[in-house]
Structure formats: C-alpha cells, structure tokens
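[1] got a predicted structure plus its sequence, pasted below:
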Amino acid sequence: MLPPNRLQELLRQSWLYQTKQCDLHVLSREQNILDDRSILIDHQCSSREFPSKNTCTLYMHNAEVWCVKFSPCGRFIASGAKGNQILVWKVESPSKVNVFQSMQILQDVQAIGSISWSYDSRYLAVCAAEQPNGTGCFIYYVPSGRLVKEYTRYSGDTFASVSFFKDKSHKLACAGQKRAFSCLCLFIFSNVCFNHLIKIKDIHRPEDNVKMFEGFRIRCLYACSDGKTVLAADTHNRIRKYDFESQREHTIIQESSQIMHFTVGRNESCCLITTKTEGIRLWCLKTNTLLRTFFGANHNDFVITSTFGGPDDSFCASGSEDNTVTIWNLRRSNPVWKLHGHLGTVNTVSWNPVDSQMLASGSDDGTIRIWSTK
C-alpha cells in the first residue's frame, strides 16, 4: 500500500529538482509553491521572475561609490564613496529606498574602503581606503547615526578592511596593508538609544589584552561565525586562517594571481575570490579545493567586490569595468545574466540576504541601483 499523498510528494520532489536545474530560479524555499502548470510542463523561470529590472536609482553620493552592503536583516543598505561620507538607506520596497542616516568620518580621507554590519544590524564598522595618512576603524550606532568609537592602533597605521564576527559577540577584526591585524571586542552596556554606552578594548591599554597578529599585509578579511577565526587575503596571494584563541595560523588557499577581494557564503562552506587575471574563483573551504572559475566580468585594474545570493547561495554576482553587474549560477562558468544601466565601472554589488530577488550595486557614475523583479 502506498502511503497517503505519495503521488503529490513525488510530484513535489520532481518539481524541486527542476527548480534546482533552472539557471534563473532565485525564489527561496518558502516561496517555492507547486502549481497546476508544473504537471503540464517542465519548470523554467522567465526574466520576469529574475531580479533584472532597475527598480530604483539613488543619487545622494555624487561621487564614485566604492562600497554597498545590505544589513543582515535586509531592511537597510550601507554605502560608502569617494570622500568621507557614509550613508545608510532604509529599504521600504524594491522601488522605495530612502536615506535613513548620513554619517561622516571627521578626517581627511580619500574614500570609504570597507564596511561591515554587526549581526543585529545595529552597528556599522567603517574603514577608509588605504592612504598615506593613517586612519583607524570607526564604529557607528545606526539608529542614531552617532559615532561611538574610533579605534586607532598606532600613529601612521591604517586599517583598510574590517569585519564583524558573525556570532552574537559584537567582536570585530580589522587589518590593513601596513602589517596591522587586530581582533577587537565591543561590549554593550545599555540598549537605551539616548544613553548608549560602549567600550572597545584598546590596544594602548595592556590590561585590555587585544589579540593580534603581526607582520602581514592584509587586503581583505572575513570574521567567522565561531567568534575566533578570521580568514584574510594578503599580498602574497594567499588566504590564511587565523585562530585568535590559539594564536595559530596557516594557509588554506594559494592563488597564482593577485587577490583583489573575496567573500564567504552564509554557511561558510565556500568562498568567492576575485583575482586580477584569473577570473572569479569558487573555492570549497572544507576541502580547500577549487570548484569553479567564473568568466565574463572585467576587473583587471580596480578592486571590484562580488557577492553570493539567491536560495542557498546558489548564485553569485560581481561588478565589472564594462559598467554591468554580472550574475552567475554557481553551476555555470559563464554568466546567466548581465544587468545594464550604470554609466561607469560597477565597483560593488550586494545581494539582499532576506529577499533573494533584490540586489544593490554601486558605480563610478555616483549612483546606487536597486535591482528586483518589480
């Protein structure tokens, strides 16, 4: 005897398999609904169901946009550009995005080089791009837009990359290309907005015992969800794993070309490395093996960021020097879509971690564009 609803279950499994084979399927599991058409024809998404429409264009920066990042809750976007301004945008809908906070680094900086959200979407860590005069790491409380701490290690040092750990500790790691690499801890004493007290361990105070590694020129880093491990790309074309508890380190990936940027998937099983001459490369972090190389985006001369996205991080996207956003299905080496609309090099792309049908991109044309289906 067959169990109840067995035929319906087999049809559902067949349809889910077809969605995984579809190069344009970006709906999350919760949005996957078996409909009557699935009985008659095989599943194939159309362009109307893919985030290929420019639904909103944001003009507030008036300078080359270098950083764009969705918050973990998906309701905010942080952006940085040439100059000292950081903007936080509130996403009401794909076609309605408004400025929520405008913040500034009160120093003479050339551009915003790195931004990172805390796990609860309340804090934003910001570093300026690498430059001759040293700058530190700036931490803002997003609901009020207030600068709550500037962390500077030594005079002349520059922190150019920052990442919050993905756990609930409010720890962060920051590094730069002048051999400064530290792990900081942010303690929350009060959640009251008008009386918000914060303490950060300061390297000038030995009793705070900030953990650090010395002697490495770091281009980009990622702080993991275990609260102790940092992955960092250095100028020797390596990604190394640093354990701030055991103070151990080792190389996990060696590239032959210069690593311009890398990003890690949500389950931290894979990373996406943008190289200068070898394309964008997908690596397995469990086996430290190369899985695939993606072609079709131009990124030889500039630091251009990439992002995972879609259901189960089954897609990736990157900016490009040909003024487009290039999107791949992880099963394909060639692009499945190119988004046209920017008038300059696209420097940065971020995929909404909650809404798999929404991306944001920033360009040399001074705009941020929101891409969605409607």
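    Arrived safely, thanks for sending.
[2] next, count neighbours for D301.
    A count of neighbours around D301, defined by other CB atoms under 10 Å, yields 10. Quick note: C-beta positions are derived from backbone N, CA and C, even for glycine.
[3] how much space separates it from S350?
    Distance of D301 to S350, computed by CB to CB, to the nearest Å: 22 Å.
[4] repeat for W337
    16 Å.
[5] looking at those two, which one has more neighbours?
    Each of W337 and S350 has its neighbours counted (other CB under 10 Å); S350 has more, 26 against 19.
[6] ok, the more buried one touching T307?
    Yes - look at S350 against T307 with CB atoms under 8 Å: they come within range, at 5.4 Å.
[7] joint contacts of those two?
    Applying CB atoms under 8 Å, 6 or more residues apart in numbering, one finds that S350 and T307 are jointly contacted by L359.
[8] and this protein, what are its domains?
    Domain assignment for the chain, taken from automatic domain parsing, gives 67-254, 256-374.
[9] hey, least reliable of those domains by pLDDT?
    Note on the domains of the chain: lowest mean pLDDT is at domain 67-254, with a mean of 81.
[10] start to end distance for it?
    End-to-end distance for domain 67-254: 26 Å, by CA to CA, to the nearest Å.
[11] what ranges does the stretch 1-150 of the chain have for its helices?
    Per DSSP state H, counting those that start in this stretch, the stretch 1-150 of the chain carries helices over the ranges 6-21, 37-40.
[12] weakest of the ones you listed in terms of mean pLDDT?
    Mean pLDDT per stretch puts helix 37-40 lowest among the helices of the stretch 1-150 of the chain, at a mean of 60.
[13] end-to-end on stretch 351-367?
    17 Å.
[14] same thing with stretch 226-242?
    Using CA to CA, the two ends of stretch 226-242 sit 12 Å apart.
[15] mind listing what's buried along it?
    Neighbour-count burial for stretch 226-242 flags 227-234, 237-242 (criterion: 16 or more other CB atoms under 10 Å).
[16] distance between that stretch and the chain's centre?
    16 Å (CA atoms, centre = their mean, to the nearest Å).
[17] then stretch 75-95?
    Distance of stretch 75-95 from the chain centroid (CA atoms, centre = their mean) equals 14 Å.
[18] what do you get for stretch 230-249?
    On CA atoms, centre = their mean, the centre of stretch 230-249 falls 19 Å from the chain's centre.
[19] please apply the same query to stretch 345-353.
    Taking CA atoms, centre = their mean, one finds stretch 345-353 lying 8 Å from the centre of the chain it belongs to.
[20] ok, F165 touching Y222?
    No - counting by CB under 8 Å, F165 stays clear of Y222, with 9.6 Å between them.
[21] mind listing what's buried along stretch 142-150?
    For stretch 142-150, burial by neighbour count (16+ other CB under 10 Å) applies to 142, 148-149.
[22] how close does T263 get to A232?
    13 Å.
[23] list the residues that contact both of the two?
    Common contacts of T263 and A232 (CB under 8 Å, 6+ apart): Y222.
[24] show me what C220 bridges to in the sheet.
    With DSSP bridges as the criterion, C220 is bridged to A233.
[25] okay but it is in contact with V230, surely?
    No - shown here, C220 and V230 do not form a contact pair, counting by CB under 8 Å, at 11.0 Å.
[26] this completes my enquiry, with thanks.
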